[in-house]
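Engineer: Sequence first, predicted coordinates after that:
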Amino acid sequence: MKNYTLHVSGTHCASCKILIEDILGDQDIVKNVHVNLKKEIVHIDTDSNSSPEELASLLTEKIKSHGYTLSVEKIIKEKQSDEIIWKAIPIGLVFLALFFILQKSGILNLGIGGKTTPATSFIIGLIASVSSCLAIVGGLVLSLSAKVMQDDGKSAKKPFILFHLGRVIGFALLGGLLGLIGKAIGINFMFSAILGLVASTVMILLGLNLVGIFKKSKFTLPSNLFNYFRKVEHATIAPILIGVGTFFLPCGFTQSMQVAALSSGSFASGMGLMLAFALGTLPMLALLSFSSISFAHSKHAPLFFKSAGVVVIGLGIFALLAGLAGVGIISPLFNI
């Protein structure tokens, strides 16, 4: 048995680890595979007599359609990365311009001091589902997908339906609970503002991660968490519990809506806000569940995630400035 450590390029989120390990793990010559997402390396145990270069070339053929490449030496792609980010910036700015138009029109209200409506929560959910939410929750969806495909084949839909059902119902009930908690402890404006500033900071950090600023420390959930979800018996209540559990994952958008629910002052209002947010994230996550995950791992994925990162950073900065203005630290920059 031989052990090789190969470099992998093209990864951008936690779900990449799952996809690479599943594809390579299905190859006869691979006895064991482990992806280190932060270091961008793959450890492979094999009984093949191929050289490292031959093995890298052979296995790359299995994953290159998803945008990944294996190599013995680390591939430096600084120029290509710079080209992608310069393409991503104008795309992100277009979506930010659309956001400000919606904000100015009163359809949206992302900031401190105004009343967040279910319509606002739904639209923010749509935005979240193609950015930080896809990168974080998508990994759990793929963990469940790996288990389903292993046991039942690609046609099994029940576990995914249960997952999304659990997620929507869980967000609604827990959002209502936050509303009750806020009412019971008497959340004041200053406390809401501080929580909002924390959520905005998290949003900015996640956006920087999507853009690729934190190359040496990619954010990802603990690998043991994904491995656990791949081992659970999906025919039971597990998918529902996994769906409910996504309420507690670190996503700046989710935390922003949780702050709004906490400040809503009632069970019905908190439930409405988080239900609308969960429904907004549903289309993209459902697409990820039922479309063989090709969209999230296509050759255009780096541009997609970096563009989403630009949007997340912009919205995070806007929410942060709105929060600082709301508590009187700075003067409002925009009259919106």
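Structural biologist: Received it, and whenever you're ready, just let me know what you need.
Engineer: How is the chain partitioned into domains?
Structural biologist: 2-71, 78-326 (automatic domain parsing).
Engineer: mean pLDDT lowest for which of those?
Structural biologist: With a mean of 74, domain 78-326 has the lowest mean pLDDT of the domains of the chain.
Engineer: A88 and L174, how far apart?
Structural biologist: 34 Å (Cβ to Cβ, to the nearest Å). Heads up, the C-betas are built off the backbone N, CA and C, glycines and all.
Engineer: Kindly report the same for I89.
Structural biologist: Applying Cβ to Cβ, the value for I89 to L174 is 36 Å.
Engineer: Which residues does stretch 35-51 contact?
Structural biologist: Contacts of stretch 35-51 with the rest of the structure, by Cβ atoms under 8 Å, 6 or more residues apart in numbering, involve 1-9, 11, 14, 16-17, 20-21, 24, 29-34, 55, 58-59, 70, 74, 216-218, 220, 223.
Engineer: ranges for the strands of the stretch 1-150 of the chain?
Structural biologist: Using DSSP state E, counting those that start in this stretch, the strands found in the stretch 1-150 of the chain span residues 2-9, 30-36, 41-46, 69-71.
Engineer: Reformat the domains of the chain as JSON lines; add mean neighbour count.
Structural biologist: JSON lines is the format used below for these (neighbours: other Cβ atoms under 10 Å):
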{"stretch": "domain 2-71", "mean neighbour count": "18"}
{"stretch": "domain 78-326", "mean neighbour count": "19"}
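Engineer: Relative to L275, how far out is M203?
Structural biologist: 21 Å.
Engineer: and after the helix or strand hosting I242, which helix or strand comes next?
Structural biologist: Element membership of I242 [criterion: DSSP states H and E] is helix 238-245. Downstream of helix 238-245, the first helix or strand assigned by DSSP H and E is helix 252-264.
Engineer: isn't K62 right up against L24?
Structural biologist: Yes. Using Cβ atoms under 8 Å, K62 is in contact with L24, at 6.7 Å.
Engineer: Return the backbone torsion pair for the residue of the chain positioned farthest from its centre.
Structural biologist: Taking Cα atoms, centre = their mean, the residue of the chain most remote from its mean C-alpha position is N49, at 39.0 Å. Here is the backbone geometry of N49 (degrees, to the nearest 10): phi -90, psi 10.
Engineer: just to revisit the earlier point, closest one to T246 among the strands of the stretch 1-150 of the chain?
Structural biologist: Closest to T246 of the strands of the stretch 1-150 of the chain, according to Cβ to Cβ: strand 30-36, at 22.2 Å.
Engineer: Note down every partner strand of that closest one and its orientation.
Structural biologist: strand 41-46 (antiparallel) (DSSP bridges).
Engineer: The strand it pairs with: how far from the chain's middle?
Structural biologist: Strand 41-46 sits 26 Å away from the centroid of its parent chain (Cα atoms, centre = their mean, to the nearest Å).
Engineer: quick thing: my sequence starts at 444, can you match it?
Structural biologist: All right, first residue 444 from here; so that's strand 484-489.
Engineer: Show the average pLDDT along stretch 772-779.
Structural biologist: 62.
Engineer: residues touching L758, list them.
Structural biologist: By Cβ under 8 Å, 6+ apart, L758 lies in contact with 539, 542, 553, 570, 646, 650.
Engineer: from memory A571 sits against L722, does it?
Structural biologist: No. If you go by Cβ under 8 Å, A571 and L722 don't touch, sitting 11.7 Å apart.
Engineer: Bridged to S452, which residues?
Structural biologist: T512.
Engineer: The helix holding I685 packs against which elements?
Structural biologist: Secondary-structure packing of helix 681-688 (3 or more Cβ pairs under 8 Å, 6 or more residues apart in numbering; DSSP states H and E): helix 575-594, helix 601-628.
Engineer: mind redoing it with 6 Å?
Structural biologist: helix 601-628 (3 or more Cβ pairs under 6 Å, 6 or more residues apart in numbering; DSSP states H and E).
Engineer: what's whichever helix or strand comes after the helix it packs on in contact with?
Structural biologist: The helix or strand immediately downstream of helix 601-628 is helix 632-654, counting by DSSP H and E. The contact list for helix 632-654 (Cβ atoms under 6 Å, 6 or more residues apart in numbering) reads 555, 575, 662, 695, 698-699, 702, 706, 748-749, 751-752, 755-756, 759, 762-763, 766, 769-770.
Engineer: Just the ones in helices from these, please.
Structural biologist: Under the assignment DSSP state H, those contribute 575, 695, 698-699, 702, 706, 748-749, 751-752, 755-756, 759, 762-763, 766, 769 to helices.
Engineer: Just the C-alpha atoms of stretch 506-517, please, in PDB.
Structural biologist: Written as PDB, here are the backbone C-alpha positions of stretch 506-517 (Å, rounded to 0.1, in the frame of the first residue of the first chain):
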ATOM      1  CA  ILE A 506     -12.900  15.200 -11.200                       C
ATOM      2  CA  LYS A 507     -11.900  17.800 -13.800                       C
ATOM      3  CA  SER A 508     -15.400  18.200 -15.100                       C
ATOM      4  CA  HIS A 509     -16.200  19.700 -11.600                       C
ATOM      5  CA  GLY A 510     -13.300  22.200 -11.900                       C
ATOM      6  CA  TYR A 511     -10.700  20.300  -9.800                       C
ATOM      7  CA  THR A 512      -7.100  19.500 -10.800                       C
ATOM      8  CA  LEU A 513      -4.600  17.200  -8.900                       C
ATOM      9  CA  SER A 514      -0.900  17.700  -9.200                       C
ATOM     10  CA  VAL A 515       2.300  16.700  -7.600                       C
ATOM     11  CA  GLU A 516       3.500  20.300  -7.300                       C
ATOM     12  CA  LYS A 517       1.300  23.100  -6.200                       C
END
